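> Need a 3D model of the following:
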Amino acid sequence: MRYTILAAAVAAGTLGLGLSAPAGAVEGMWVPQQLPEISGPLKKAGLKLDAKQLADLTGDPMGAVVSLGGCTASFVSPQGLVVTNHHCAYGAIQLNSTAQKNLMRDGFNAAAPGDEVSAGPASRIYALDSIRDVTAEVNAAIAGAATPIERTLAAQAVDKRLVAQCEAEPGYSCEIYSFFGGVTYRLFRNIEIKDVRLVYAPPGSIGNYGGEVDNWMWPRHTGDFSFYRAYVGKDGKPAEYSKDNVPYQPKHWLKMADKPLGEGDFVMVAGYPGRTNRYALASEFEATQGWTYPTIAQHYKNLVALVERTAKQDPEIGVKYASTVRGWQNTLKNYDGQLEGFKRIDAGAKKHADEAAALAWLRKRGDASKPALDAHAKLEELQAKKADHRARDLVYSQLRRGGVIGAAGTVYRLAVERAKPDAEREPGYQQRDLPEIKAGLEQMDRRYDARMDRELQAYWLREYVKLPAGERIAEFDRWLGGNDEKAIKRALDKLAKTKLGSLKERVALLSADRAALDKSRDPAIELAKALLPANLRMEQEDKTALGETLVARPAYLQGVIDYRKSQKQAVYPDANSTLRITFGNVKAYTKLDGSKQAAFTKLEEVAAKATGADPFDAPDSLLEAIADKRYGGLEDKRLKTVAVNFLSDLDITGGNSGSPVLDGQGKLVGLAFDGNWESVSSNWVFDPTMTRMIAVDQRYMRWIMQEVYPAPQVLRELGVAPKKK
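Numbering: from 1, shown residues only. Just a heads-up that it's a prediction; the model follows:
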């Protein structure tokens, strides 16, 4: 569902407006328009381009950077070739895999464009076209509403109106994003490329070398890269997948670096970081540290074990749920790392101290600060109310999210909303959302197994019956009919008779109206119908809280902005899934145990780490090339071998995966794919001493495609084909 304005306002908040030099020239995910104002630090760090050039979002090199809707990527050829991380393409790789033809294990290499395979009906590439400030329109709508829930409805209405106007021309996708918790709103228009195809992915023993053991760790030796291609209709406009489509021809694409990268060199990342919470309330931080992260991490550990246990009996389940499991593993390890980091730097004490200092400054200003202080009190009140229902909200959302229950809920709610005029439908169920809904129901076929779905439902049902009586949902209780294992088995036995496990049935129901679905005796549809009143009731509660936040968050953050400007502190927007730049230098670091870490890892270290068993099962072709010192002309004279991964002091977060790492000339030197263990808590409290970004070196990418898992056709397209001997 698209709650862009609302979700941004409810999130812990962002900070910006004023500018000063970045702390240590590394902290901050900068809005490109800000870069001319900090051109001094950029030049000092080593940027050779004019900073104004980076502010041109549709020029070179920024126009080559695209979003995958969760990861970042970039065009690297005039024929629509796109490079991103292997783990960003993992869903597409999994979607095209079976137990017999396992591309996750074996890799994929299209010898010619005709061999490229669809990344899936839901895959998208978003190329930024324009940005427009819509603060006045949004704030006018909110100000004209009398009650909190009316504010939410007004915000939704203006969002839908502006987006509809923006998308009037086919081929574009538009979203409104909130900056500074609602101080500013901007409308982003993107070219939406709907035909995305997989071109090249190394075997998992290269692309995911080290697996979860090495995730968030340094030293690292992962070939985390893959290639897509963007396709459009013959008229050059975005179109659904068709064999007749042709490669998209971007106006700009990145060139591979022609100078070897070394320690101390300038690097920058352009990408789409998801969310940081550095200016959250101390109470919001406490809730995250004390409940949200440990609770979700434990659930994910349990779910990973559940799927792995079942997959041992049926390998096809392992293939179908591989992408889901990898997502759980990544999140739970990230949360564990953040929790460890919070303790190490005493983040709670720092958050309280920072907030107390801001509030003390605001109180000294008297009446001028009353709006900010009142807003702070309201946000504290809302946070307390949210905590009262967090266990219920987590469990219930998981029960409704996936499998046949999720599919039935989507189909039934769509039928309910379709009876309304398009502008009055709930966000996520408008005409513009139908292709995404259909693609999701189609894609479910490769990520669903009835037996596994039942076990996952049983897990969450057991969690549901543990909830206190006051947190239970009457409609769901009536469906479940008890609190013991017999009741759970009885409910799941009934649900197992659903036909929504069939792709044909799911897609057919997309066109059904509410009257037809109300007559259905499919148990999943009956459950969706029974739960609608509860869902609507809870949505009303959420909309009331959202309406309060739409006013309180920007009022409070404006006060914090004023305070930080008065202290001459660096001010920058928190990440919110929009295009940002972060910059710094290739830089080693010293771990907490005192061990000094080199800025680069090397080929020979890949071989030294190999055990022959997952996740260190480097392929023989790679080990042989290393043993024979077949460097292919890609060795670094300083390292006396080929660089694999490298560190820099850049500020990134989730969403930056796949981001191009550029040198001072704007050329591609690598791809961001991870951060070190000590950096994961920086989403909340930035630690400039320990924070490091991990990237795969473009020389290693080329070496793999040249010497190990050959792709001469890709190298030629990149303009880096090896010279003939």
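> Not counting sequence-adjacent ones, nearest residue to Gly262?
In this structure, Gly262 finds its nearest non-sequential neighbour in Arg638, 6.3 Å apart by C-beta to C-beta, 6 or more residues apart in numbering. From N, CA and C alone the C-beta is placed, and that goes for glycine too.
> Quick check: the one you found vs Val586, distance?
With distances taken as C-beta to C-beta, to the nearest Å, Arg638 is found 12 Å from Val586.
> The two: who's more crowded?
The residue with more neighbours, out of Arg638 and Val586, is Val586; 25 against 11, by other C-beta atoms under 10 Å.
> now the strands for the stretch 151-300 of the chain?
172-179, 184-193, 195-201, 226-232, 246-247, 266-271 (DSSP state E, counting those that start in this stretch).
> How many neighbouring residues does Asp367 have?
By other C-beta under 10 Å, neighbour count at Asp367 equals 6.
> if I've got this straight, Phe583 is in a helix?
No. Assessed with DSSP: H, G, I helix; E, B strand; the rest coil, Phe583 is strand; it does not lie in a helix.
> so what pLDDT did it get?
If you check Phe583, the pLDDT there is 96.
> go on, the one 4 residues further on?
The confidence metric pLDDT takes the value 97 at Lys587.
> Grab the nearest non-local neighbour of it.
Asp649 (4.6 Å).
> roughly how far apart are that neighbour and Asn676?
Taken as C-beta to C-beta, the span from Asp649 to Asn676 is 11 Å.
> neighbour-wise, which of the two wins?
Here Asp649 and Asn676 are compared on neighbour count by other C-beta under 10 Å; more neighbours surround Asp649, at 25 against 21.
> Would you agree the more buried one is in contact with Phe583?
No. Under the criterion of C-beta atoms under 8 Å, Asp649 is not in contact with Phe583, lying 9.4 Å apart.
> on that earlier part again, so which of the strands of the stretch 151-300 of the chain comes closest to Leu47?
Nearest to Leu47 among the strands of the stretch 151-300 of the chain is strand 266-271 (6.0 Å), distances taken as C-beta to C-beta.
> Sheet partners, orientation included, of that closest one?
Paired neighbours of strand 266-271 in the sheet (DSSP bridges): strand 580-585 (antiparallel), strand 660-662 (antiparallel).
> any chance of the ones you listed in TSV, plus distance to Ser205 and mean neighbour count?
Formatted as TSV, those follow (distance: least, C-beta to C-beta, whole Å; neighbours: other C-beta atoms under 10 Å):
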stretch	distance to Ser205	mean neighbour count
strand 580-585	31	25
strand 660-662	24	29
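> Could you export these to TSV, including columns for distance to Gln289?
Shown next, in TSV, are these (distance: least, C-beta to C-beta, whole Å):
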stretch	distance to Gln289
strand 580-585	25
strand 660-662	31
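> Tell me how many other residues crowd Gly290.
14.
> any idea how far it lies from Lys343?
From Gly290 to Lys343 the distance is 12 Å (C-beta to C-beta).
> Also Thr310?
When Thr310 is compared with Lys343 (using C-beta to C-beta), they lie 35 Å apart.
> Compare those two (neighbour count), which wins?
Thr310 (17 against 12).
> so that one touches Ile317, yeah?
Yes. When contacts are counted by C-beta under 8 Å, Thr310 is listed as touching Ile317 (5.5 Å).
> which residues do the two both contact?
451-452 (C-beta atoms under 8 Å, 6 or more residues apart in numbering).
> With respect to Asp106, which of the strands of the stretch 151-300 of the chain lies nearest?
Of all the strands of the stretch 151-300 of the chain, strand 195-201 comes closest under C-beta to C-beta, at 9.5 Å.
> how about low-confidence regions in the stretch 51-200 of the chain?
The stretch 51-200 of the chain contains no residues with pLDDT under 70.
> For the spatially closest residue to Trp253 that is not a sequence neighbour, name its beta-bridge partners.
Leaving aside its sequence neighbours, Trp253 sits nearest to Phe75 (C-beta to C-beta, 6+ apart; 4.1 Å). Here Phe75 sits in beta bridges with Val82, going by DSSP bridges.
> how much space between Phe75 and Ala322?
28 Å.
> before we move on, what about Ser77?
Plainly put, Ser77 is 29 Å away from Ala322 if you go by C-beta to C-beta.
> Report pLDDT for Tyr3.
pLDDT recorded at Tyr3 is 33.
> er, Gly470 actually
For Gly470, the model assigns a pLDDT of 95.
> Tell me, how many residues neighbour it?
8.
> How about the secondary structure of the residue nearest to Gly262?
From three-state DSSP, the assignment for Arg638 is coil.
> what does Tyr335 give?
helix.
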